[in-house]
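K.L.:
fold the following for me, if possible:
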Amino acid sequence: MIDDTSFWTFIGAISTFVYSILTIGLIIVTWWYAHAIRVKDQLSDLHEEMEKIVAPIYNNKENIWFFRHGHPNHMTNPKINYDYDEFWKNIKNNRNHTNNQIRQSINNFLELISSEPYRRIDEPKEFSEMKKQLINNIEIRYEELIDAIDSMKSPILGKIKKK
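P.N.:
Numbering: from 1, shown residues only. Model prediction:
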């Protein structure tokens with residue numbers, strides 16, 4: 001027969017063991033949650049960069065009005081002027097959402113864009129080179145962002161999405 005002291009000592013040992021296991025579980029769950037939040041924040045930053053900077057330039061790289069040396073001004077209808085102004089205003093306002101290389105390419109390109117109305121003359125060589133550099137850097141960054149976003153997606157979310 002077990003006396004009362006041994007019984008309560010045994011119960012105390014069991015409760016200490018269970019408490020330790022629960023504490024370890026809490027630590028693991030807290031670490032996992034912090035990691036998930038960090039990944040979510042990184043994914044959000046990548047989406048924001050893609051949405052505000054990379055995708056607009058990537059999707060408009062063939063747009064003849066957005067990547068000319070001069071402003072479209074009176075050559076076109078007011079909608080193209082508005083679209084041109086809004087496009088570059090949004091790029092200027094959001095360029096801090098990207099890495100230094102893209103930001104520098106954007107800054108270099110914007111310095112060379114003329115505010116004068118576009119005239120049918122050859123673009124300055126320096127402008128053409130900056131345009132090629134910007135578009136090349138954007139194409140590379142676009143692929144990097146696609147790969148990074150795909151690699152950060154949760155396998156669980158991917159399985160749910162496929163169904």
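K.L.:
state which helix of this structure is the longest.
P.N.:
Scanning the chain for the helix with the most residues, using DSSP state H, yields helix 4-49.
K.L.:
so which residue is dead centre in the protein?
P.N.:
By Cα atoms, centre = their mean, the chain has its centre lying nearest to L46, at 1.8 Å.
K.L.:
now do the contacts for that residue.
P.N.:
Each residue near L46 by Cβ atoms under 8 Å, 6 or more residues apart in numbering is listed here: 145, 148-149, 152. For glycine as for every other residue, the C-beta is placed from the backbone atoms N, C-alpha and C.
K.L.:
and it, how close does it get to I53?
P.N.:
Going from L46 to I53 by Cβ to Cβ, to the nearest Å gives 11 Å.
K.L.:
equivalent analysis for F127, please.
P.N.:
20 Å.
K.L.:
list the buried residues in stretch 127-145.
P.N.:
Of all the residues in stretch 127-145, those buried under the rule 16 or more other Cβ atoms under 10 Å are 127, 130-131, 134-135, 137-138, 141-142, 145.
K.L.:
so how far is that stretch off the chain centroid?
P.N.:
16 Å (Cα atoms, centre = their mean, to the nearest Å).
K.L.:
contacts for that stretch next, please.
P.N.:
By Cβ under 8 Å, 6+ apart, the list of residues contacting stretch 127-145 reads 46, 49-50, 54-55, 57-58, 61, 67, 69, 98-99, 101-102, 105-106, 108-109, 112-113, 123.
K.L.:
out of those residues, which are buried?
P.N.:
If we count by 16+ other Cβ under 10 Å, the contacts of stretch 127-145 have these buried: 46, 49-50, 54, 57-58, 61, 67, 69, 98, 102, 105-106, 108-109, 113, 123.
K.L.:
in helices, which of those fall?
P.N.:
46, 49, 57-58, 102, 105-106, 108-109.
K.L.:
tell me the two of these that are most distant?
P.N.:
Greatest spacing in those, by Cβ to Cβ: L46 and N108 (23.6 Å).
K.L.:
just the contacts of L46 now: which is nearest A36?
P.N.:
Relative to A36, the closest of those is M152; by Cβ to Cβ it sits at 11.0 Å.
K.L.:
quick one: residues contacting the closest one.
P.N.:
So, once contact is read as Cβ under 8 Å, 6+ apart, M152 ends up touching 39, 42-43, 46.
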